[in-house]
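*Asks:* okay, here's the prediction I keep looking at, along with the sequence it came from:
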Amino acid sequence: MTDDHRTAPTLIYRGTSLGAAELATIQEFFDDDFSRGVVGVAHRVCTYFGWSRPNGQMPLVSCAVFLRRIGKSGLLRLPGRRVSLHPRPQLRDDHVEILKSLGPVPGMVECQPDGPFNVRPIHPEEYDGFRLHLQRYHYLGFQKPAGESICYAAFLGSELVSLLVWGAAVRLSLHRDRFIGWDSPTRERGLNWVVNNSRFLVLPWIRRTCLASRVLSANLRRLSQDWQQAYAHPVWLAETFVDLARFKGTCYRASNWRYLGLTRGFSRSRHGPRGFIRHGQPKAVFVYPLHRHALALLREGLPGSESVLARTA
């Protein structure tokens, strides 16, 4: 172990303090066996420290991202990228053709859908179509979210009209953290109870007045319950970041989200230092409490604890 590791600063991940001794143990995991890559090491690390989500599953993807980040900071020595004997398959030819041919079905703006309104999580067999639609029609495309996430689809009658992605909260957000009243330790404990709306798309040929705010409101009404069912814990606060150079955030304002201010022009990235990269485009920060005592629940103790609920009743 080098002097850098003996003098390494203490990090905190999932409520665990990681000092020089803990980093040395993680380094041994990397040095001992890297045949399954960073995710394989993340499995050993999660087992060693007892890290798990409320539903009992290991946070392998988010842990792997964390390990890569501290590796780039120089606190760990990560082996070179291994060459897989079974490389991840690219888009199949038929998917490429679908992506190329996706167009404004039914083809005319005048032909607007009608019928019962429904917002629900997508089914597993719908994932490819969901991904392809976002890749084609959302300006940011689609990137599979790390950690806990739920993808939603909205329908009018039998026709798809909107798609949404909810995933892990941004780790650092000055305006959000001030709004909640978080210090660093409390934020680390409470982040699992904040959810980020990373994608929201109304398909470009749909022209229904107030549809975006209607979709958003319906999604918010069921979001925490769906999270409880999927991950064995609720979520108390929703957040999103709107590029004001492209949008005004009208549907969020109409759905009673609260505007908190502008970011400093950074975004989340697996490849940037400390998990962020500067893009120079400040975005508007909006939040929406999913419980009437959301701030108290996030500010005190473990979110969702009976004692906090009792004190705020």
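*Replies:* Nice, thanks for sending it over.
*Asks:* show me where the stretch 201-313 of the chain has helices.
*Replies:* Taking DSSP state H, counting those that start in this stretch, the helices of the stretch 201-313 of the chain run over residues 211-231, 250-254, 294-299, 306-311.
*Asks:* most neighbours per residue, which of those?
*Replies:* helix 294-299 (a mean of 21; mean count of other C-beta atoms under 10 Å). Heads up, the C-betas are built off the backbone N, CA and C, glycines and all.
*Asks:* how about it as CSV, C-alpha atoms only?
*Replies:* Taking Å, rounded to 0.1, in the frame of the first residue of the first chain, the C-alpha atoms of helix 294-299 are listed here in CSV:
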residue,chain,number,x,y,z
ALA,A,294,-41.5,15.4,3.2
LEU,A,295,-39.0,18.0,4.4
ALA,A,296,-39.3,16.8,8.1
LEU,A,297,-38.9,13.2,7.0
LEU,A,298,-35.8,14.0,5.0
ARG,A,299,-34.4,16.3,7.5
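*Asks:* just so I know, which of the helices of the stretch 201-313 of the chain lies nearest residue 178?
*Replies:* For residue 178, the closest of the helices of the stretch 201-313 of the chain is helix 294-299, at 11.4 Å, according to C-beta to C-beta.
*Asks:* same for that closest one, what does it pack against?
*Replies:* In this structure, helix 294-299 packs against helix 174-180, helix 184-190, strand 237-242, helix 306-311, with contacts taken as 3 or more C-beta pairs under 8 Å, 6 or more residues apart in numbering; DSSP states H and E.
*Asks:* now that helix: mean pLDDT?
*Replies:* The pLDDT scores in helix 294-299 average 92.
*Asks:* who touches the closest residue in space to residue 264 that isn't next to it in sequence in this structure?
*Replies:* Nearest residue to residue 264 in three dimensions, chain neighbours excluded: residue 282, at 6.5 Å (C-beta to C-beta, 6 or more residues apart in numbering). Residue 282 makes contacts with 244, 262, 263, 264, 265, as judged by C-beta atoms under 8 Å, 6 or more residues apart in numbering.
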